[in-house]
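> no FASTA, just this:
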């Protein structure tokens, strides 16, 4: 359990409130849940494959999540609601750790990652209209150069072969960015490739990145 407690403490040091929201009030909001779990002493992260039936980003690997609803209290509520709708994960089974720095998606959504721990015994019940596969990846996978085929800086691309199913998944875009961010913060170390920021103080990097994207909208 040391790995879980250490990762929780490390992630909580980067809890983000509303300081990133001043210049983005008009942007549509979304949240993703980054579900971490401990299996055989190893930190892993649960990911999903979007259904081919979806109109946008069909067949992409992502985290459970989606747009905010008017009834959602905050970003955490959005992430938990979407995770229950997509993979049958009850909100009460998520130990929420923190909210991280929001990122503007290529579609103009302000996406807030919400990190939480789930029990290793959780068995997903995916909604077939939204999710075609659910799998887990070792967290330190996203710190290894041999798995990384992206460009220097914030552009990441990973290829993962799930040993349980034998399927191969491409992880890229915003999902890969969030996976790398959670990895470096939880493990408190820079990966074996350039990410463009220091894990000890990533806030200025993400604020500047947010400002650049806002200026282009």
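Everything's here; your move. A quick note: this is a predicted structure, and the numbers were derived from the prediction, not measured.

> So what's the residue count around residue 62?
Residue 62 is flanked by 19 other residues according to other CB atoms under 10 Å. C-beta: built from backbone N, CA, C; applies to glycine.

> surely it meets residue 45?
No - contact criterion CB atoms under 8 Å: residue 62 and residue 45 do not qualify, at 11.9 Å.

> which residue of this protein sits farthest from its center?
residue 215 (24.3 Å; CA atoms, centre = their mean).

> quick one, what contacts that one?
For residue 215, no residue meets the contact criterion (CB atoms under 8 Å, 6 or more residues apart in numbering).

> What of residue 15?
Applying CB under 8 Å, 6+ apart, the residues near residue 15 are 98, 99.

> before we move on, what SS does the residue farthest from the centre of the chain have?
Per DSSP: H, G, I helix; E, B strand; the rest coil, the local secondary structure of residue 215 is helix.

> So for it, what's the pLDDT?
You'll see residue 215 listed with a pLDDT of 73.

> Next, work out how far apart it and residue 178 are.
Between residue 215 and residue 178 the distance, using CB to CB, to the nearest Å, works out to 22 Å.

> before we move on, what about residue 52?
On the measure of CB to CB, residue 52 and residue 178 end up 22 Å apart.

> Which one's more surrounded, the two?
residue 178 (25 against 8).

> The more buried one sits in which helix or strand?
Residue 178 is part of helix 173-187 when elements are defined by DSSP states H and E.

> and if you look at residue 53?
Per DSSP H and E, there is no helix or strand for residue 53.

> and it, how many residues sit next to it?
11.

> That one touches residue 131, doesn't it?
No - taking contacts as CB under 8 Å, residue 53 lies outside contact range of residue 131: 10.3 Å.

> what sits against residue 32?
62, 63, 64, 65, 79, 82, 111, 112, 113, 114, 178.

> give me that answer again for 6 Å
63, 65, 113 (CB atoms under 6 Å, 6 or more residues apart in numbering).

> Excluding sequence neighbours, find me the nearest residue to residue 113.
residue 100 (4.4 Å; CB to CB, 6 or more residues apart in numbering).

> Look up how far residue 163 lies from the closest residue to residue 172 other than its chain neighbours.
Closest residue in space to residue 172, ignoring its immediate chain neighbours: residue 157 at 4.3 Å, by CB to CB, 6+ apart. Remark: distance between residue 157 and residue 163 (CB to CB) = 20 Å.

> Which one of the two is surrounded by more residues?
Shown here are residue 157 and residue 163; by other CB under 10 Å, residue 157 has more neighbours (14 against 8).

> Tell me if I'm right that the more buried one and residue 150 touch.
Yes - between residue 157 and residue 150 there is a contact under CB atoms under 6 Å: 4.2 Å.

> who's in contact with residue 53?
So residue 53 contacts residue 129 (CB under 6 Å, 6+ apart).

> and what of residue 45?
With CB under 6 Å, 6+ apart, residue 45 has these contacts: 36, 137, 139.

> Kindly tell me how buried the last one is, as a neighbour count.
Other residues lying near residue 139 total 21 when counted by other CB under 10 Å.
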